[in-house]
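# Mind folding the following:
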Amino acid sequence: MKVYFDNAATTPLRQEVIDAMLPIMQNVYGNPSSIHSYGREMRSAIEAARKTIARLLKVAPSEIFFTSGGTESNNMALRCSINDHKITHAISSRIEHHAVTHTLEDLEHKGVLKVSWVNLTSEGEVDYANLEELLKNNPRSLVSLMHANNELGTLNDIDRIGELCKQYNAIFHCDTVQAIGHFPHDLSKTHVDFVSCAAHKFHGPKGVGFIYISNRLKISPMITGGAQERNMRGGTENAYGIVGLAKAMELAYSEMGEDAKKISGLKQYMIKRLREEIPGVKFNGNISDNSLFTVLNVSLPPHSGKEMLLFNLDIAGIAASGGSACSSGSEIGSHVLAGIHADPERPAVRFSFSRYNTKDEVDYCVEKLKEFFAVQAEVKH
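Predicted structure coming up:
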């Protein structure tokens, strides 16, 4: 059996998304910046996509700017706001995506600003009292905190963070890459200045995303060289990717309740099966109903073959992750697990689910984990 449990890294394209993109790829090829009919046709497709996304997020179309994905959007929000608004202090957490932590560390290394790392609970949620203390002591900071952690599934209360940022005149950037398409976001009510999105996290194409920039805040472009995206992002737009992004997001919103119920049930079923079959199993992060239902980080009992666990799962046809896919190949362990002080002797595996996964796949995965631990027990004996 082949099992794909790495949907937090990327998701398979939905057929409906492919169907929406194909006519653009095959028949609509004008440059959207050209004024002739071919260009106007492509421009119309892009603007229709922008309006769809804006409607779903309850914002103005003029606040949506298309990018290559979450990493670019995060960098744009951080680098441009810090530069344009002369920010000298930032607040973030040690378990943010590296597109945030590495960017802030780079700016701190260059002497641009100082970074304060907010305290976290043992499950990876922001310590809101500590956040308020940092904001109180550092007026006009930039705060960059994600909605849903990509390795743990733990959620932050972004409405609460937004209100604190508003109270202390801070700029708020939220990496919502893992959350958009899985939770509704009403940005007309959440006080947030920047939101980042990547289409491939909810069955859209890779290489395309967007940044929401509140009309309360003005920044200069990060990529120059053209007047595209209303002078905010130079370069010819990835038009068919943008169409696919909007279609994937529209589908995700229309089926959100149904998908949440199914995938949450799958996650809870795997928790139950693992507790029944593997003595000593634990879980990293929040596994309650108030968590990202697509992600389950499993903390397995210590054993001598932990370095081979992901390899053995792969041999069995099971795709899973030990952390963020963006850190693949690194010899350094997960910065997220280190950030919540998880036991380094216990191997951790992130299983992440989508609408296409089944209970049979969970059963198969649990059986393979049981076999692996049984072999290890025999070797040890």
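# okay, and for the stretch 251-381 of the chain, where does confidence drop off?
The model of the stretch 251-381 of the chain has pLDDT under 70 over residues 323-332, 375-381.
# Can you show me the strands along it?
282-284, 295-299, 318-319, 348-352 (DSSP state E, counting those that start in this stretch).
# neighbouring strands for the shortest one, and are they parallel or not?
Sheet partners assigned to strand 318-319 using DSSP bridges are listed as strand 3-4 (parallel).
# what pLDDT, on average, does the partner strand get?
Strand 3-4 shows an average pLDDT of 98 in the prediction.
# what sits up against it?
Residues from elsewhere that reach strand 3-4 (CB atoms under 8 Å, 6 or more residues apart in numbering): 12, 317-319, 354, 356-357, 361, 364-365. The way it works is simple: take the backbone N, C-alpha and C, and place the C-beta from them, glycine included.
# wait, which of those is closest to Leu142?
Nearest to Leu142, judged by CB to CB, of the contacts of strand 3-4 is Ser354 at 33.0 Å.
# will you turn the strands of the stretch 251-381 of the chain into TSV that also has mean neighbour count and distance to Ile219?
Output for the strands of the stretch 251-381 of the chain, formatted as TSV (neighbours: other CB atoms under 10 Å; distance: least, CB to CB, whole Å):
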stretch	mean neighbour count	distance to Ile219
strand 282-284	20	36
strand 295-299	25	31
strand 318-319	19	38
strand 348-352	26	32
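# now these as TSV including distance to Ala48?
Formatted as TSV, these follow (distance: least, CB to CB, whole Å):
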stretch	distance to Ala48
strand 282-284	41
strand 295-299	32
strand 318-319	35
strand 348-352	31
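# Can you report how many residues lie near His147?
24 (other CB atoms under 10 Å).
# contacting residues for the residue nearest to it when sequence neighbours are not counted?
In space, and not counting its chain neighbours, His147 is closest to Ala179: 4.0 Å by CB to CB, 6 or more residues apart in numbering. Ala179 makes contact with 146-148, 155, 185, 292, according to CB under 8 Å, 6+ apart.
# Buried residues in stretch 202-212, which are they?
With burial defined by 16 or more other CB atoms under 10 Å, the residues of stretch 202-212 counted as buried are 202-206, 208-212.
# Quick one: mean pLDDT for that stretch?
Mean pLDDT, stretch 202-212: 98.
# can I get the CA coordinates of that stretch in PDB?
This file holds the C-alpha atoms of stretch 202-212, laid out as PDB (Å, rounded to 0.1, in the frame of the first residue of the first chain):
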ATOM      1  CA  PHE A 202      -4.700  23.200   0.100                       C
ATOM      2  CA  HIS A 203      -4.600  21.300  -3.100                       C
ATOM      3  CA  GLY A 204      -3.500  24.200  -5.300                       C
ATOM      4  CA  PRO A 205      -0.400  24.500  -7.500                       C
ATOM      5  CA  LYS A 206       3.100  25.000  -6.200                       C
ATOM      6  CA  GLY A 207       5.000  28.300  -6.800                       C
ATOM      7  CA  VAL A 208       2.100  30.600  -6.200                       C
ATOM      8  CA  GLY A 209       0.600  32.400  -3.200                       C
ATOM      9  CA  PHE A 210      -0.400  35.800  -2.000                       C
ATOM     10  CA  ILE A 211       0.200  38.400   0.600                       C
ATOM     11  CA  TYR A 212      -2.600  40.400   2.200                       C
END
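# Now do it: distance to the chain's middle.
How far stretch 202-212 lies from its chain's middle: 11 Å, per CA atoms, centre = their mean, to the nearest Å.
# Tell me the strands beside the helix or strand where Ile211 lies, with direction?
Using DSSP states H and E, Ile211 maps to strand 209-213. For strand 209-213, the paired strands and their directions (DSSP bridges) are strand 64-67 (antiparallel), strand 194-198 (antiparallel).
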